[in-house]
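Chemist: here you go, sequence then predicted model.
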Amino acid sequence: MSDDADQLLVERTRRGDMQAFEMLVVKYQRRIERLIGRFVRDVDLVPDLAQETFIRAYRAIPQFRGESAFYTWLYRIAVNTAKKALSDMKRDPVLTESALASSSDEDDETNRPRHELSHDETPEALMASREIAGTVNSAIEALPEDLRQAILLREVEGLSYEEIALAMACPIGTVRSRIFRAREAIAVKLRPLLDTKQGQRW
Amino acid sequence: MNAPSVARHRIRWKATVALAGALVGPASVVWAGNPSQEIAAVVKRIQDAAQRRSFVGTYVVSHGGHMTSSRITHVCDGRDQIERIEALDGQMRQVYRHNDTVHVLWPGTRTALIEQRELVGRFPAPLQPGDGARLEQYELQAGSDERIAGHDAQVVLFKPRDTWRYPRRLWLERRTGLLLRSDLLNERGDVLESASFSELQINARLSAQPLLQEMNRLDGYKVSKPVYRPTSLDSEGWTMHPPVAGFETLQVVRRPMAPWIARTAAAGASEAAGPADNATVLQAVYSDGLTHVSVFIEPFVATLHKREMPATVGSTSALSHRQGDWWITAVGAVPVAALQQFIGGLERRKP
Amino acid sequence: MTEPDLPEDRTRAREQLSSLMDGDADAESVAQVCRQWCQDADTRAQWHAYHLIGDVLRSDDLSQRSAGDAAFLRGVRERLAHEPIVLAPAPVQVPADVAGDTVLVEQRAQAGGGGRSRFHPRRWVAPVGMAAGVALVAGAVLVTRPGNGLADLTMASVTRVEQTQGSTDPKAPMADTELVRYLDAHQQFPGTLALGPAPGFLRSATYEPTPSR
């Protein structure tokens, strides 16, 4: 979906630009944490393993030559990191049962999480997440039609700017501008929510 | 701009000015407004830290997909410096240095090398006169603070004033000025080579005795002691003109080439023809204060000297050229065009 | 739609981020954003916000994890501080008429090459064999680009290499031992004014011939 953007940033990382790698971290952090959360239950372990995933990806980046999309490659590293952590845990009798997810080996990303509370499912966290989801959804609804269509075609359908230009019968420059304005309009409503959160100092 | 961002800009500007002062360390004088002296002061701070501090760490050099690691132990014992560098990959190798004496040991092949090394800026002598001038080719730019190997670091950029040399970004440990990391960049800002501690203990409690004993344990080793004879281009029948801007002659020696790296059949060496492995070569070394270029001059041998195309390994490039009966090779962590200038400036004087 | 009192350069910077997210950017603007990333909190915050929006649009349950995102990055950054920098081999450009199994398809959207970068299939195969003009140095591959002496020769790395047989081809590249000898002799001198932990320690370090282990 974002092959082009990822490739530009991966290429810079391979030339020694750490900032480009950090941009990839911010982009994929949530997805990787969610993925690892399907394997490992422990509240403190998920962010740690997610960080570990990114460090391993960084070390292996010279060997990544674009045979697959960057996220596909990163996904596999995340799965391996989680599985390795699980097998390490099984060998260590000190760790508690609750740290282990159920023994099924699924790495299907669309799988729904289990019912026990995981690290973001405390009542406060759930409310915060519903707030964010709710804000984004209502902001989308409030957008003018052309902006909403543009951003949904890009983010949900994964179309490129050229494809969107064709679909909406407008120049690419207009596509670029609409998507940006849509993002800004939603971000404006999100900012108060994000700024008040602890640790959210960029 | 609204008030907060103006204030932010002012603070950032102040920080840059203060940084230049901070970089030279508490014990030094800040020369206001003389850029080459500021660079010289930064370089001196780095050198002093490397000489006066005891430290141990893992050092990694990487370029284009290739990485080498070493374990470095450095002990400053009064007026003595002892260090050991152990290769962590590749052939087993230890380099020991006690002040100006260097022992290189290859335990795998039980061969060793002993040589004397004249060091610039030897503790506690100050920078030699004229060193400040040689750094005129660079300007100093301060960067943001970062963390390297778990230490807080100040980042500086030595930006060249011309295209005959490369920019260099340095990370100095905040308190001591020890060089934590050094990146060589090309003109586009891409990193050509990065040398960095990945882990470092400063002021570690280390003793010199065990290292000194190790370096002298040479029983059963085949020891070579290459001799480097100082000379001059002039007396050897050569002139270099014009010299590449900013580079001054550091040393000219007549020397054997690394005898422990035997020429292979692939190189075209054979029993019958070609110079012996211990034949000497004329080497002229030029420095601009931050980087150096070597120019090697030897008799041309067709079976050995085939390639005039440049080679680049990480930061360093090499370029060879046949000039009549002679084979000239220029080597340095500089753009290939600079190497061409050096080669082009070399002329055989009429006998 | 955007914040009314936002300065124009800030709006442009954010729009640049938005385009970059979608791959609609050239190498120079990517470089610029990366340079800003360190210094500019707004760049980091908006990159985060725009991506959060995309994640939430695709799947509600990704909104859960936004609380500690900035702290997460700081954690990764701290761990990266202990990692040596990794550098990938520079892409090798070989002209079409070179014989042998040398293939390069990678396009560098670089060096003032203008225009936006688009997705190109990226396959390159490290050329092997003397026909393509290759020598081996210490686990890395030197590849020559045939041409005049100004040709730039860069390294492509191969994980495990064997010493190739030499050839008597006069155009063959410098055998690795020759290069190593020059590099070693060159690095004996502390030209970088003893910068770094030990002057001249690199000699025989990075450039040893492939050892017979």
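Modeler: Now that the structure is in, tell me what you want to look at. Numbers count the residues shown, from 1 in each chain, chains lettered A, B, ... in the order given.

Chemist: next secondary structure after the host helix or strand of A:Leu126?
Modeler: For A:Leu126, the enclosing helix or strand under DSSP states H and E is helix A:123-142. Toward the C-terminus, helix A:123-142 is succeeded by helix A:145-155 as the next helix or strand (DSSP H and E).

Chemist: between helix A:123-142 and that following helix, find me the angle.
Modeler: Between helix A:145-155 and helix A:123-142, the angle comes out at 130 degrees (axes from the mean of the first three to the mean of the last three C-alpha atoms, to 10 degrees).

Chemist: got the phi and psi for B:Arg175?
Modeler: According to degrees, to the nearest 10, the main-chain angles of B:Arg175 amount to phi -80, psi -40.

Chemist: what score does residue 142 have for pLDDT?
Modeler: Answering for chain A, as no chain was given. We have a pLDDT of 95 for A:Ala142.

Chemist: oops, wrong one, chain B.
Modeler: Reading off the confidence values, B:Ala142 has pLDDT 87.

Chemist: same question for the one 10 residues further on.
Modeler: At B:Asp152, the pLDDT value in this model is 93.

Chemist: next secondary structure after the one helix or strand it maps to?
Modeler: Using DSSP H and E, B:Asp152 falls within strand B:151-160. Per DSSP H and E, the first helix or strand lying C-terminal to strand B:151-160 is strand B:168-173.

Chemist: using CSV, write down the CA coordinates of that following strand.
Modeler: The C-alpha trace of strand B:168-173 is given here as CSV (Å, rounded to 0.1, in the frame of the first residue of the first chain):
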residue,chain,number,x,y,z
ARG,B,168,33.1,14.4,8.7
ARG,B,169,30.5,14.2,11.5
LEU,B,170,31.8,13.6,15.0
TRP,B,171,30.1,12.6,18.2
LEU,B,172,32.0,13.8,21.3
GLU,B,173,31.3,12.4,24.7
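
Chemist: do it and chain C come into contact?
Modeler: Yes: looking at strand B:168-173 against chain C by C-beta under 8 Å from any C-beta of the partner chain, the contacts come from B:Leu170. Just so you know, the C-beta spots here come from the backbone N, C-alpha and C atoms, and that holds for glycine as well.

Chemist: packing partners for the following helix or strand past that strand?
Modeler: Downstream of strand B:168-173, the next assigned helix or strand under DSSP H and E is strand B:179-185. Contact here means 3 or more C-beta pairs under 8 Å, 6 or more residues apart in numbering or on different chains; DSSP states H and E; on that basis strand B:179-185 packs against helix B:35-52, strand B:151-160, strand B:168-173, strand B:191-202.

Chemist: for chain C, what helix or strand is lowest in average pLDDT?
Modeler: Least confident helix or strand, chain C: strand C:124-125 with a mean of 25, by mean pLDDT, DSSP states H and E.

Chemist: wait, which of the helices and strands packed on strand B:179-185 is closest to A:Glu124?
Modeler: strand B:151-160 (34.6 Å; C-beta to C-beta).

Chemist: what helices or strands is the closest one leaning on?
Modeler: For strand B:151-160, the packing partners by 3+ C-beta pairs under 8 Å, 6+ apart come out as helix B:3-23, strand B:138-148, strand B:168-173, strand B:179-185.

Chemist: so which bits of the top helix by length along chain C are buried?
Modeler: Longest helix of chain C, by residue count under DSSP state H: helix C:41-58. Judged by neighbour count using 16 or more other C-beta atoms under 10 Å in any protein chain shown, the buried positions of helix C:41-58 are C:43-57.

Chemist: next one: stretch B:61-74
Modeler: Residues B:61-70, B:72-74 are the ones in stretch B:61-74 that count as buried (16+ other C-beta under 10 Å).

Chemist: in chain A, what residue lies closest to chain C?
Modeler: Residue nearest to chain C within chain A (C-beta to the nearest C-beta): A:Asp4, separated by 2.3 Å.

Chemist: before we move on, back to that, pick the one among the buried residues of stretch B:61-74 closest to chain A.
Modeler: Proximity of the buried residues of stretch B:61-74 to chain A (C-beta to the nearest C-beta) peaks at B:Gly65, which lies at 4.9 Å.

Chemist: now the single nearest residue of chain C relative to chain A, nearest residue through space, not along the chain?
Modeler: As assessed by C-beta to the nearest C-beta, chain A sits closest to C:Gly23 within chain C, at 2.3 Å. Leaving aside its sequence neighbours, C:Gly23 sits nearest to A:Asp4 (C-beta to C-beta, 6 or more residues apart in numbering or on different chains; 2.3 Å).

Chemist: and that neighbour, that one's in a helix?
Modeler: Yes: per DSSP: H, G, I helix; E, B strand; the rest coil, A:Asp4 lies within a helix segment.

Chemist: confirm for me that it is in contact with C:Asp24.
Modeler: Yes: in this structure A:Asp4 lies within contact range of C:Asp24 using C-beta atoms under 8 Å: 7.4 Å.

Chemist: does any bit of the lengthiest helix in chain A sit next to chain B?
Modeler: Using DSSP H, we find that the single longest helix of chain A is helix A:172-195. No: using C-beta under 8 Å from any C-beta, helix A:172-195 stays clear of chain B, with a minimum separation of 15.1 Å.

Chemist: so B:Arg71 sits in a helix?
Modeler: No: under three-state DSSP, B:Arg71 falls outside any helix and is assigned strand.

Chemist: may I have the beta-bridge partners of it?
Modeler: Counting by DSSP bridges, B:Arg71 is bridged to B:Thr58, B:Glu86.

Chemist: correct me if wrong: it contacts B:Val60.
Modeler: No: the pair B:Arg71 / B:Val60 is not scored as a contact, 10.6 Å apart, by C-beta under 8 Å.

Chemist: got the domain ranges for the chain?
Modeler: With no chain named, the answer covers chain A. A:3-96, A:123-195 (automatic domain parsing).

Chemist: nope, chain C please
Modeler: Domain segmentation of chain C under automatic domain parsing yields C:8-80, C:87-213.

Chemist: low-scoring stretches of the chain, by residue?
Modeler: Since you didn't name a chain, this refers to chain A. Within chain A, the ranges that satisfy pLDDT under 70 run A:1-3, A:93-122, A:125, A:196-200.

Chemist: um, chain C though
Modeler: Within chain C, the ranges that satisfy pLDDT under 70 run C:1-4, C:64-67, C:89-177, C:190-213.

Chemist: what's the answer for chain B, then?
Modeler: Flagging of chain B using pLDDT under 70 yields the residue ranges B:1-37, B:65, B:118-134, B:258-278, B:350-351.

Chemist: any idea which residue of it lies closest to chain C?
Modeler: B:His292 (2.3 Å).

Chemist: hmm, that residue is touching B:Gln283, no?
Modeler: No: B:His292 lies out of contact with B:Gln283 (C-beta under 8 Å); the separation is 11.1 Å.
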